[in-house]
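**Q** Compute the structure for the input listed below.
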Amino acid sequence: MSEDNQDLISSLHSQLHHLQTRVKELEADNARLLSRLSNCRCEKIEEKLDGSVLDTANWIEKSGKIDTGGCQLRKKKVTEKMPGIVNHHSKRYVALKVMYFGQRFYGFASEAQMEPTVESEIFNALEKTRLLVADKKESQYSRCGRTDKGVSSVGQVIALYLRSKHKENRTDCKTSGETAQQTEGEIDYVRVLNRALPKDIRIIGWCPVPINFSARFSCLSREYKYFFWRENLNLLAMESAGKKFVGEHDFRNFCKMDALNVHNYRRHVTSFEVSPCDMRYGDNQLCAIKIRGTAFLWHQVRCMVAVLFMIGRGLESDEVIDALLDTERTLRKPQYIMAPEIPLVLQSCEFDDLKFTCSFDAGQALLMHLQNECQMYQLQAAIYHEALLSCLPLDNDLSLLKNGTNKKKASHVSLFSRPTEPSYEERRAKFDSRKS
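**A** Numbering: from 1, shown residues only. Here you go, the predicted structure:
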């Protein structure tokens, strides 16, 4: 090897050694800075336009900048937290009233194992706006109802701890009545969340609640509405039959049975009503079944409506209601198809002394949004109407279409002539045998 090559190699080794030494020095300096910043919290918190909070110390750590701008730094124990959760702020326990159009959702509850759900979208918005102060369990989260796939609501209620502008934590409320007026100067929860939610979900009000409040167990009653087109249905017969539901009954023959988790199928229906709505399409009128009760079973309303439709069409008598409610006489539920899910709406959830509110600006924005959505659906209805007209048969066949004489009517099999589902006792015995 030549002398020139040896000198070059020696020089490269020397430079490499110098670089390695410098890298170690920089790593040590970086570790000291990160250690200092991880134990400090800048007291200056900036409010962003969308209502979320920017933690300046956290931003400094991520960006590598160390200029605190004259802010005083104080030592604080750093705890690991989920993204979007701000657990070092004041908090208060609040209830939110939620409306949603359920057509594209796999139910309300995120435990459905399918996405999207209404609940998952709400928590995504809570994380984006940095209103969460803990995870779902630590936030003392509760919901009034678990509406199924496709079901909508204009009165769902949830409760949880959210970030508050007040310096003290509002966790000592005794009753909701005491806190109903304590909303001034607070974060505009309705406005902030609605800016982060998809257009088919909206928060329509909020209310401070006491710490012992539960959206599920504090609810006094729930009201559902089921919309349908009148067509040739006998509304008087349906209402007369539906009145038999009022009172406390065993509704196991009017629900989807969950023998593993539900052992008591008695529920109390407080009111029932069938009435026309102020909406028509041609000669057809929109109607609604309104059912109120303390609580409902899985698919209970849709099963009740399905049997009522049979009565309204004259396929069953109202005596079938008495027979299905008599669970000693009718041990097994006859097989029948539930009413479709799309027309079902959770109308309201009633609580004692709970008054939901929203700011004027949030209310105006909500009103404009709903008006725009209604106009959009009306445009879609107009397009479908034009498509319908373009697909109609010739004029001489139109009368047949209107009279329905060209439709094939499926023969109706009486409910008590149909195959039956396993009884509750048979389902329980099956589960117990699997365990053993």
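**Q** the strands in the stretch 101-250 of the chain, which residues?
**A** Using DSSP state E, counting those that start in this stretch, the strands of the stretch 101-250 of the chain run over 142-143, 152-163, 201-208, 221-229, 247-250.
**Q** Pick the most buried one from the ones you listed.
**A** Stretch with highest mean neighbour count among the strands of the stretch 101-250 of the chain: strand 152-163 (a mean of 23; mean count of other CB atoms under 10 Å). No exception for glycine: its C-beta is placed from N, CA and C like everyone else's.
**Q** before we move on, back to that, Serialize the strands of the stretch 101-250 of the chain to JSON lines and add fields for mean pLDDT.
**A** Shown next, in JSON lines, are the strands of the stretch 101-250 of the chain (pLDDT from 0 to 100):
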{"stretch": "strand 142-143", "mean pLDDT": "96"}
{"stretch": "strand 152-163", "mean pLDDT": "96"}
{"stretch": "strand 201-208", "mean pLDDT": "96"}
{"stretch": "strand 221-229", "mean pLDDT": "97"}
{"stretch": "strand 247-250", "mean pLDDT": "96"}
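**Q** Nearest approach to residue 367 belongs to which of those strands?
**A** Nearest to residue 367, of all the strands of the stretch 101-250 of the chain, is strand 201-208, at 10.2 Å by CB to CB.
**Q** With just CA atoms, put that closest one into CSV.
**A** Once non-C-alpha atoms are left out, strand 201-208 reads as follows in CSV (Å, rounded to 0.1, in the frame of the first residue of the first chain):
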residue,chain,number,x,y,z
ILE,A,201,-75.1,13.6,13.5
ARG,A,202,-75.8,16.8,15.5
ILE,A,203,-75.6,17.8,19.2
ILE,A,204,-78.8,19.8,19.8
GLY,A,205,-78.3,20.7,23.5
TRP,A,206,-76.3,20.2,26.6
CYS,A,207,-76.9,20.4,30.4
PRO,A,208,-74.7,20.1,33.5
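**Q** Output the contacting helices and strands for that strand.
**A** Counting contacts by 3 or more CB pairs under 8 Å, 6 or more residues apart in numbering; DSSP states H and E, strand 201-208 is packed against strand 91-100, helix 118-128, helix 176-179, helix 189-194, helix 360-390.
**Q** average pLDDT for the shortest one?
**A** By that I understand helix 176-179. For helix 176-179, mean pLDDT rounds to 46.
**Q** my read: residue 276 touches residue 284, true?
**A** No: contact criterion CB atoms under 8 Å: residue 276 and residue 284 do not qualify, at 10.8 Å.
**Q** Now do the contacts for residue 370.
**A** Applying CB atoms under 8 Å, 6 or more residues apart in numbering to residue 370 gives the contacts residue 202.
**Q** Sketch out the strands for the stretch 301-436 of the chain, chain order is fine.
**A** 344-350.
**Q** domain parsing for the protein?
**A** 28-78, 91-208, 221-353+411-435, 360-392 (automatic domain parsing).
**Q** Out of the ones you listed, which gets nearest to residue 12?
**A** Per CB to CB, nearest to residue 12 of the domains of the chain: domain 28-78, 24.9 Å.
**Q** Start and end of stretch 332-343, how far apart?
**A** End-to-end distance for stretch 332-343: 28 Å, by CA to CA, to the nearest Å.
**Q** wait, I meant stretch 122-134
**A** One end of stretch 122-134 sits 15 Å from the other (CA to CA).
**Q** buried stuff in stretch 130-140?
**A** For stretch 130-140, a neighbour-count test (16 or more other CB atoms under 10 Å) marks 130, 131, 132, 133, 134, 139, 140 as buried.
**Q** quick one: it to chain centroid distance?
**A** 16 Å (CA atoms, centre = their mean, to the nearest Å).
**Q** ditto for stretch 135-151
**A** 7 Å.
**Q** and the end-to-end length of that stretch?
**A** 26 Å.
**Q** Let's have the strands of the stretch 101-250 of the chain in TSV, adding distance to residue 265.
**A** Listed next are the strands of the stretch 101-250 of the chain as TSV, based on distance: least, CB to CB, whole Å:
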stretch	distance to residue 265
strand 142-143	22
strand 152-163	24
strand 201-208	32
strand 221-229	17
strand 247-250	5
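**Q** Ok, which of those strands comes nearest residue 185?
**A** Across the strands of the stretch 101-250 of the chain, residue 185 has its closest neighbour in strand 201-208 (12.5 Å, CB to CB).
**Q** how much space between residue 237 and residue 151?
**A** Remark: distance between residue 237 and residue 151 (CB to CB, to the nearest Å) = 26 Å.
**Q** let me redo that: residue 314
**A** Applying CB to CB to residue 314 and residue 151 gives a distance of 28 Å.
**Q** residue contacts, residue 365?
**A** Shown in contact with residue 365 (CB under 8 Å, 6+ apart): 191, 194.
**Q** Which parts of the chain are helices?
**A** For the chain, the helices defined by DSSP state H cover 3-38, 56-63, 118-128, 176-179, 189-194, 235-242, 300-312, 319-325, 360-390, 395-403, 424-435.
**Q** Residue 254 is nearest to which of these?
**A** Closest among the helices of the chain, using CB to CB: helix 300-312, at 4.4 Å.
**Q** could you give the angle of the closest one to strand 221-229?
**A** Orientation of helix 300-312 against strand 221-229 (axes from the mean of the first three to the mean of the last three CA atoms, to 10 degrees) gives an angle of 40 degrees.
**Q** So what angle separates the directions of the longest strand along the chain and strand 221-229?
**A** Looking across the chain with DSSP state E, the single longest strand is strand 266-281. Angular relation of strand 266-281 and strand 221-229 on a 0 to 180 degree scale: 40 degrees, by the same axes, to 10 degrees.
**Q** Okay, now the sheet partners of strand 266-281, with direction.
**A** Partners of strand 266-281 in the sheet, by DSSP bridges, are strand 247-250 (antiparallel), strand 284-293 (antiparallel).
**Q** For that strand, give me every contacting residue.
**A** Here strand 266-281 has contacts from 221, 227, 229-230, 235, 238-239, 242-243, 245-251, 285-297, 300, using CB under 8 Å, 6+ apart.
**Q** Buried residues in that strand, which are they?
**A** 267, 269, 272, 274.
**Q** that older thread, can you say which of the helices of the chain is nearest to residue 412?
**A** helix 300-312 (7.5 Å).
**Q** Does anything pack onto that closest one? Which helices or strands?
**A** So helix 300-312, by 3+ CB pairs under 8 Å, 6+ apart, packs with strand 221-229, helix 235-242, strand 284-293, helix 319-325, strand 344-350.
**Q** I'm done for today, thanks for sticking with me.
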